[in-house]
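Asker: fold the following, please.
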Amino acid sequence: MKTYHKILLIIITLAFSPVVYGQPAKTAKELTEEGVTLFDSGKYDEAIVKYKEAIKTDPKYYNAYYEMGYTLFSDKNPLDAIPYLETALKLNPKAGGVYDLLGSIYDDNKQTAKAIEYYLKGISLDPDYQRLYYNLGLTYFRQKEYALAEEKVIKAIKLDPKHASSHDMYAKIMFEQDKKGKALLGWSSFLLLEPNSKRSINAINKLNKIINYGITRTGDKVTISLSNNGKQGADFIIPATVIASTAGQKGLSSADSLTLQLTKLYSVADMFNDKPADPFFKAYFVDYFKTLALTDNMPAFTRYITLADDNENKVAWFKAHDSTIPKLEGWMNKTDRKFE
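Answerer: From the prediction side, this is the model:
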């Protein structure tokens, strides 16, 4: 009798417990999303397990291969990422992000020609994918192909004007070509987007190097000494303008001095242009910063873009002048930056 009741109980339990024993398996999409969440938490190994499960569940699910490749790349196993990314391309031949990632892997592995091949192929298939232009410009920059680097980085800026790295790269390209005026405006633009990071310190140092180029101060005496290697008229324009901007001024703080210097330099920025004139530089950089120099926002602007340097004093200044940031932001929001 007891046996009969036991068997009957098991049958009833099985019949009325579909939720416990019949849960549907997770989809490849769900598994991949779980992997991305783990990745975002820095749990790369666990994320990889999820991606492998997703691929096993659906061998044709593109996102699983891409996320696997991206995670391996981020986890410093870039060469292991290549087979997954190649599979991702077979499933989605126009995926600009995959071409960009493969290009980065080959570039980091010193296979420059192959990196450029992937970037160019990606651009041809996904011409609006901004990072392809930026990373291709970076590759050209490393190869000292400055004209090609400039062309690609300008395109990257046009596709995403708020991508700070593109502005930083533009400035570096100009600086390496001894185009100091262009580099000055490039780093000014970068710092407006990224004023308080480790990279900002380098940009501020470069800005100061350009501003102080060729200037020697001994007591009240100021002289300009330029090398014979100067390739641009800006080699004389910049120091002469800098000296004139603070002539006769006494007891200036470093921030006030820089404000006067940048105001004067922006006002003559047309003179930093190439011959024949570069329409992108004129419209996007010169016109914007010349207009800014005509406003009363320059004290706030100068302190804002140099926040990474002497941060404590800059923050104190803003606290004492709490209306300046909203005013600067208002000017920026209503002032368009045109490309040409």
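Asker: so for the helix or strand hosting Asn208, what gets flagged as buried?
Answerer: Per DSSP states H and E, Asn208 falls inside helix 198-211. Neighbour-count burial for helix 198-211 flags Ser200, Ala203, Ile204, Lys206, Leu207, Ile210, Ile211 (criterion: 16 or more other Cβ atoms under 10 Å). All C-beta atoms are positioned from the backbone trio N, CA, C, and that covers glycine.
Asker: how distant is that helix from the center of its chain?
Answerer: Centroid displacement of helix 198-211 relative to its chain, using Cα atoms, centre = their mean, to the nearest Å, is 16 Å.
Asker: by contact count, what packs against that helix?
Answerer: In terms of contacts (3 or more Cβ pairs under 8 Å, 6 or more residues apart in numbering; DSSP states H and E), helix 198-211 is packed against helix 164-176, helix 180-193, helix 234-245, helix 254-267.
Asker: let's see it at 7 Å
Answerer: helix 164-176, helix 180-193 (3 or more Cβ pairs under 7 Å, 6 or more residues apart in numbering; DSSP states H and E).
Asker: now the helices for the stretch 1-150 of the chain?
Answerer: 2-15, 18-21, 28-40, 44-57, 62-74, 78-91, 96-108, 112-125, 130-142, 146-159 (DSSP state H, counting those that start in this stretch).
Asker: ok, back up a step: what's in contact with the very next helix or strand once past the helix holding Asn208?
Answerer: Reading on from helix 198-211 to the C-terminus, the next helix or strand found by DSSP H and E is strand 215-218. Residues outside strand 215-218 that contact it (Cβ atoms under 7 Å, 6 or more residues apart in numbering): Val222, Thr223, Ile224, Ser225, Pro239, Val242, Ile243.
Asker: need those in TSV with distance to Trp317, neighbour count and pLDDT, can you?
Answerer: Conversion of these to TSV gives the following (distance: Cβ to Cβ, whole Å; neighbours: other Cβ atoms under 10 Å; pLDDT from 0 to 100):
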residue	distance to Trp317	neighbour count	pLDDT
Val222	27	14	79
Thr223	32	11	82
Ile224	31	15	83
Ser225	34	9	78
Pro239	27	23	92
Val242	22	25	94
Ile243	25	17	93
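Asker: for those residues, which one is nearest Asp45?
Answerer: Val242 (54.0 Å; Cβ to Cβ).
Asker: give me the nearest residue to the closest one, chain neighbours excluded.
Answerer: In space, and not counting its chain neighbours, Val242 is closest to Gln261: 5.1 Å by Cβ to Cβ, 6 or more residues apart in numbering.
Asker: list the contacts of that neighbour.
Answerer: By Cβ under 7 Å, 6+ apart, the contact list for Gln261 reads Ile211, Val242, Ser245, Thr246.
Asker: per-residue confidence at it?
Answerer: At Gln261 the predicted local confidence, pLDDT, stands at 97.
Asker: middle-most residue in the protein, spatially?
Answerer: Ser165 (2.6 Å; Cα atoms, centre = their mean).
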